[in-house]
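Undergrad: Fold the stuff below for me.
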Amino acid sequence: MNGVGSNVKMVESSRGVRYCEGVLRLLGLLLTLVAAIVTGVDKETKTIPYIISKTLPTLHVPVTAKWQYMSAFLYFLISNAIAFSYAAASLVASILAVWTSKDKTGIVLVILDMTIMGLLFSANGASIAVGVIGQDGNSHVQWKMVCNWVRGFCHQITAAIILSLVGSLVFFWLVALAILNLHKKLR
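TA: Prediction:
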(Lines give C-alpha, C1' and ligand atoms only; values in the text may rest on other atoms or scores of the structure.)
Protein backbone atom coordinates (compact mmCIF):
# COMPACT_ATOMS: atom_id res chain seq x y z
CA MET A 1 0.00 0.00 0.00
CA ASN A 2 2.84 2.36 0.80
CA GLY A 3 4.42 1.93 -2.66
CA VAL A 4 1.15 2.69 -4.48
CA GLY A 5 0.62 5.92 -2.54
CA SER A 6 4.12 7.17 -3.33
CA ASN A 7 3.62 6.52 -7.08
CA VAL A 8 0.40 8.55 -7.09
CA LYS A 9 2.16 11.40 -5.33
CA MET A 10 4.97 11.32 -7.94
CA VAL A 11 2.43 11.56 -10.81
CA GLU A 12 0.66 14.51 -9.13
CA SER A 13 4.02 16.21 -8.52
CA SER A 14 5.02 15.65 -12.15
CA ARG A 15 1.75 17.19 -13.36
CA GLY A 16 2.28 20.18 -11.10
CA VAL A 17 5.81 20.68 -12.43
CA ARG A 18 4.57 20.40 -16.04
CA TYR A 19 1.77 22.89 -15.35
CA CYS A 20 4.18 25.32 -13.67
CA GLU A 21 6.63 24.92 -16.55
CA GLY A 22 3.88 25.66 -19.07
CA VAL A 23 2.77 28.77 -17.20
CA LEU A 24 6.38 30.01 -16.96
CA ARG A 25 6.97 29.39 -20.68
CA LEU A 26 3.78 31.29 -21.55
CA LEU A 27 4.81 34.13 -19.22
CA GLY A 28 8.29 34.27 -20.81
CA LEU A 29 6.68 34.35 -24.25
CA LEU A 30 4.40 37.26 -23.34
CA LEU A 31 7.02 39.29 -21.48
CA THR A 32 9.63 39.08 -24.24
CA LEU A 33 7.02 39.79 -26.92
CA VAL A 34 5.77 42.91 -25.15
CA ALA A 35 9.36 44.08 -24.43
CA ALA A 36 10.24 43.72 -28.12
CA ILE A 37 7.08 45.55 -29.23
CA VAL A 38 7.53 48.38 -26.72
CA THR A 39 11.11 48.83 -27.90
CA GLY A 40 10.22 48.56 -31.58
CA VAL A 41 7.64 51.34 -31.48
CA ASP A 42 9.73 53.65 -29.28
CA LYS A 43 10.44 56.94 -31.04
CA GLU A 44 10.28 60.53 -29.91
CA THR A 45 11.03 63.80 -31.71
CA LYS A 46 11.64 67.05 -29.85
CA THR A 47 12.66 70.51 -31.01
CA ILE A 48 15.65 71.66 -29.01
CA PRO A 49 16.68 75.33 -28.86
CA TYR A 50 20.37 75.84 -29.66
CA ILE A 51 22.11 79.15 -29.02
CA ILE A 52 25.16 79.74 -31.20
CA SER A 53 25.84 83.23 -29.88
CA LYS A 54 23.90 85.94 -28.10
CA THR A 55 23.78 88.12 -31.18
CA LEU A 56 22.29 85.46 -33.45
CA PRO A 57 18.75 84.15 -33.17
CA THR A 58 18.20 80.83 -31.42
CA LEU A 59 18.17 77.80 -33.69
CA HIS A 60 15.44 75.26 -33.13
CA VAL A 61 16.80 71.86 -34.08
CA PRO A 62 14.50 68.83 -34.32
CA VAL A 63 16.06 65.81 -32.58
CA THR A 64 14.69 62.29 -32.93
CA ALA A 65 15.44 59.47 -30.52
CA LYS A 66 14.96 55.96 -31.95
CA TRP A 67 15.99 52.54 -30.70
CA GLN A 68 17.84 51.94 -34.00
CA TYR A 69 20.36 54.67 -33.18
CA MET A 70 22.02 52.67 -30.38
CA SER A 71 23.51 49.25 -31.05
CA ALA A 72 22.70 48.15 -27.47
CA PHE A 73 18.98 48.77 -28.09
CA LEU A 74 19.19 46.93 -31.41
CA TYR A 75 20.80 43.98 -29.60
CA PHE A 76 18.09 44.24 -26.93
CA LEU A 77 15.26 44.13 -29.47
CA ILE A 78 16.76 41.21 -31.41
CA SER A 79 17.46 39.28 -28.20
CA ASN A 80 13.88 39.69 -27.03
CA ALA A 81 12.59 38.64 -30.46
CA ILE A 82 14.79 35.52 -30.33
CA ALA A 83 13.61 34.79 -26.77
CA PHE A 84 9.98 35.19 -27.84
CA SER A 85 10.46 32.84 -30.81
CA TYR A 86 12.22 30.29 -28.61
CA ALA A 87 9.53 30.56 -25.91
CA ALA A 88 6.82 29.86 -28.50
CA ALA A 89 8.72 26.87 -29.91
CA SER A 90 9.61 25.51 -26.46
CA LEU A 91 6.00 25.83 -25.29
CA VAL A 92 4.88 23.74 -28.26
CA ALA A 93 7.75 21.26 -27.71
CA SER A 94 6.95 20.85 -24.01
CA ILE A 95 3.25 20.28 -24.77
CA LEU A 96 4.14 17.71 -27.43
CA ALA A 97 6.58 16.04 -25.01
CA VAL A 98 3.75 15.57 -22.49
CA TRP A 99 1.47 14.02 -25.10
CA THR A 100 4.12 11.72 -26.53
CA SER A 101 5.83 11.01 -23.17
CA LYS A 102 9.28 11.93 -24.48
CA ASP A 103 11.77 12.80 -21.73
CA LYS A 104 14.65 13.50 -24.13
CA THR A 105 13.32 16.97 -24.98
CA GLY A 106 13.71 18.01 -21.34
CA ILE A 107 17.50 18.26 -21.33
CA VAL A 108 17.52 20.11 -24.66
CA LEU A 109 14.97 22.61 -23.35
CA VAL A 110 16.95 23.19 -20.14
CA ILE A 111 20.15 23.88 -22.10
CA LEU A 112 18.31 26.24 -24.44
CA ASP A 113 16.55 27.90 -21.48
CA MET A 114 19.97 28.66 -19.98
CA THR A 115 21.19 30.03 -23.30
CA ILE A 116 18.17 32.31 -23.69
CA MET A 117 18.50 33.42 -20.07
CA GLY A 118 22.13 34.41 -20.70
CA LEU A 119 21.20 36.18 -23.94
CA LEU A 120 18.48 38.19 -22.23
CA PHE A 121 20.62 39.10 -19.22
CA SER A 122 23.44 40.32 -21.49
CA ALA A 123 21.04 42.36 -23.64
CA ASN A 124 19.45 43.83 -20.51
CA GLY A 125 22.86 44.74 -19.12
CA ALA A 126 23.91 46.46 -22.34
CA SER A 127 20.64 48.40 -22.51
CA ILE A 128 20.81 49.41 -18.87
CA ALA A 129 24.37 50.70 -19.37
CA VAL A 130 23.28 52.83 -22.33
CA GLY A 131 20.20 53.93 -20.40
CA VAL A 132 22.28 55.11 -17.45
CA ILE A 133 24.45 57.16 -19.79
CA GLY A 134 21.31 58.59 -21.40
CA GLN A 135 19.90 59.42 -17.98
CA ASP A 136 23.03 60.79 -16.29
CA GLY A 137 25.51 61.46 -19.10
CA ASN A 138 29.25 61.00 -18.61
CA SER A 139 31.24 64.11 -17.79
CA HIS A 140 34.59 62.35 -18.28
CA VAL A 141 34.03 61.93 -22.02
CA GLN A 142 31.68 64.91 -22.40
CA TRP A 143 28.56 62.84 -23.15
CA LYS A 144 25.51 64.88 -22.28
CA MET A 145 22.39 63.42 -20.74
CA VAL A 146 19.54 63.09 -23.20
CA CYS A 147 16.67 61.78 -21.08
CA ASN A 148 15.87 65.28 -19.90
CA TRP A 149 14.99 66.11 -23.56
CA VAL A 150 13.28 62.87 -24.64
CA ARG A 151 11.60 61.68 -21.45
CA GLY A 152 8.94 59.62 -23.19
CA PHE A 153 11.55 57.66 -25.14
CA CYS A 154 13.54 56.96 -21.98
CA HIS A 155 10.46 55.93 -20.00
CA GLN A 156 9.37 53.55 -22.74
CA ILE A 157 12.84 51.94 -22.98
CA THR A 158 12.89 51.63 -19.19
CA ALA A 159 9.53 49.83 -19.26
CA ALA A 160 10.81 47.46 -21.97
CA ILE A 161 13.96 46.72 -19.95
CA ILE A 162 11.91 45.95 -16.84
CA LEU A 163 9.66 43.59 -18.84
CA SER A 164 12.70 41.89 -20.32
CA LEU A 165 14.37 41.56 -16.91
CA VAL A 166 11.28 39.82 -15.57
CA GLY A 167 11.37 37.63 -18.70
CA SER A 168 15.00 36.78 -17.91
CA LEU A 169 13.97 35.78 -14.41
CA VAL A 170 11.23 33.57 -15.85
CA PHE A 171 13.86 31.67 -17.85
CA PHE A 172 15.99 31.48 -14.69
CA TRP A 173 13.01 29.98 -12.84
CA LEU A 174 12.55 27.45 -15.65
CA VAL A 175 16.16 26.33 -15.22
CA ALA A 176 15.80 26.25 -11.42
CA LEU A 177 12.58 24.24 -11.74
CA ALA A 178 14.33 21.70 -13.97
CA ILE A 179 17.20 21.39 -11.50
CA LEU A 180 14.81 20.90 -8.57
CA ASN A 181 12.84 18.34 -10.55
CA LEU A 182 16.04 16.48 -11.39
CA HIS A 183 17.07 16.58 -7.74
CA LYS A 184 13.72 15.08 -6.70
CA LYS A 185 14.09 12.28 -9.25
CA LEU A 186 17.58 11.43 -8.04
CA ARG A 187 16.51 11.11 -4.39
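
Undergrad: okay, CA-based contacts and neighbour counts for the rest of this
TA: OK.

Undergrad: can you count the residues close to the nearest residue to P62 once chain neighbours are set aside?
TA: Among residues not flanking P62 along the chain, T47 sits closest, at 4.1 Å (CA to CA, 6 or more residues apart in numbering). T47 has 13 neighbouring residues, counting by other CA atoms under 10 Å.

Undergrad: T58 is in contact with T47, correct?
TA: No - counting by CA atoms under 8 Å, T47 stays clear of T58, with 11.7 Å between them.

Undergrad: Now do the SS call for the residue nearest the centre of the chain.
TA: The residue lying closest to the centre of the chain (CA atoms, centre = their mean) is S164, at 2.5 Å. When classified by DSSP: H, G, I helix; E, B strand; the rest coil, S164 comes out as helix.

Undergrad: Make sure it is actually in contact with T32.
TA: Yes - counting by CA under 8 Å, S164 does reach T32; the two are 5.7 Å apart.

Undergrad: So for those two, which residues contact both of them?
TA: With contacts taken as CA atoms under 8 Å, 6 or more residues apart in numbering, S164 and T32 have N80 as neighbours in common.

Undergrad: quick revisit: then the residue nearest to P62 would be within a strand, right?
TA: Yes - the assignment for T47, made by three-state DSSP, places it in a strand.

Undergrad: Please report how far it lies from F153.
TA: 14 Å (CA to CA, to the nearest Å).

Undergrad: burial measure for A35, as a count.
TA: A35, neighbours per other CA under 10 Å, totals 26.

Undergrad: What mean pLDDT does the host helix or strand of it get?
TA: For A35, the enclosing helix or strand under DSSP states H and E is helix 2-40. Mean pLDDT, taken over the full extent of helix 2-40, equals 78.

Undergrad: Please apply the same query to stretch 93-110.
TA: Per-residue scores along stretch 93-110 average to 79.

Undergrad: Check which residues of it are buried.
TA: Judged by neighbour count using 16 or more other CA atoms under 10 Å, the buried positions of stretch 93-110 are A93, S94, L109, V110.

Undergrad: before we move on, what about stretch 133-145?
TA: The neighbour-count check on stretch 133-145 (16+ other CA under 10 Å) flags I133, G134, Q135, G137, M145 as buried.

Undergrad: pLDDT at the last one, what is it?
TA: Read it as M145. At M145, pLDDT is 87.

Undergrad: SS state for the residue lying farthest from the centre of the chain?
TA: Counting by CA atoms, centre = their mean, the extreme residue of the chain relative to its mean C-alpha position is T55, 50.0 Å from that point. Under three-state DSSP, T55 falls in the coil class.

Undergrad: Who are the packing partners of the host helix or strand of Q135?
TA: Following DSSP H and E, one finds Q135 within helix 104-136. Using 3 or more CA pairs under 8 Å, 6 or more residues apart in numbering; DSSP states H and E as the contact test, the elements touching helix 104-136 are helix 71-100, helix 151-186.
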